[in-house]
Structures are given as C-alpha cells and as structure tokens.
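> coords below, sequence missing:
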C-alpha cells in the first residue's frame with residue numbers, strides 16, 4: 001500500500017512539473033529623450049505576439065506579463081513622437097526583463113489647406 005501511495009504522489013508531482021509553462025515578463029519606463037520626463041499613454045506592442053502589449057501609466061511605466069520564454073521585439077509608439085523598435089528583448093523563466101525607452105519628439109505635418117472667401 002505504501003508503494004502505491006508513493007507512486008501516486010510521484011505521478012502527481014511529475015505531471016505538475018511537466019505541465020508548467022515557462023513564462024516571464026517585460027517591464028520598463030518610457031521617457032522623452034530631451035526632457036527625461038516620463039511619457040504616459042505610450043503604446044508598447046510585442047511584435048511577435050500582436051495580442052500582447054501594454055500602455056504606460058502616468059509615471060511612464062509599463063509591464064507585459066505571461067510571455068513565453070524567448071527573444072522579442074517591442075514596437076513603441078506615441079502621438080507626437082517617432083516610433084521606436086526595441087530588439088533582442090530576452091524573456092527568461094520567472095524573471096522580469098527591464099527595458100528603458102527614450103522617445104524623440106517629432107513634428108506632425110498635415111495637408112496644406114487653402115481657404116477662400118467670396
């Protein structure tokens with residue numbers, strides 16, 4: 001009987017270990033390159049997993065959790081700033097990978113409009 005109980009316990013532990021998924025997370029901060037001020041509302045998208053991403057909070061901080069172990073690229077976009085791609089972001093099991101992003105302001109140009117009055 002003792003052998004059966006030990007065997008059942010071993011199989012339960014083994015199946016739990018096998019079924020574990022190996023995930024980690026990416027966290028960081030986005031700031032303006034000139035002023036070093038944090039940028040709220042910046043969109044961060046994991047290029048390889050379009051359903052994964054985050055937006056920065058009021059302190060310019062973000063976190064993307066539950067990413068499978070691997071190497072990723074992040075697309076960082078914000079209105080009024082140049083788009084930036086951060087490459088070679090390595091996610092390890094049970095760890096949080098730090099990422100620091102500095103965005104450069106850009107001028108938004110619209111079409112030329114001519115108005116005439118009669």
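Sure, I can see it. The model shown is predicted, which means the values in this text are computed figures rather than measured ones. Numbers count the residues shown, from 1 in each chain.

> Next one: residue 118, what pLDDT does it get?
Residue-level confidence at residue 118 comes out at 72, pLDDT.

> and if you look at residue 19?
47.

> for the most centrally placed residue in the chain, which residues make a bridge with it?
The structure's the chain has its C-alpha centroid closest to residue 64; by C-alpha atoms, centre = their mean the separation is 4.2 Å. Partner residues in beta bridges with residue 64: residue 26, with DSSP bridges as the criterion.

> hang on, it packs against residue 55?
No: applying C-beta atoms under 8 Å as the test, residue 64 and residue 55 come out as separate, 10.4 Å apart. The way it works is simple: take the backbone N, C-alpha and C, and place the C-beta from them, glycine included.

> Now do the shared contacts for these two.
Overlap of the contact sets of residue 64 and residue 55 (by C-beta atoms under 8 Å, 6 or more residues apart in numbering) consists of residue 44.
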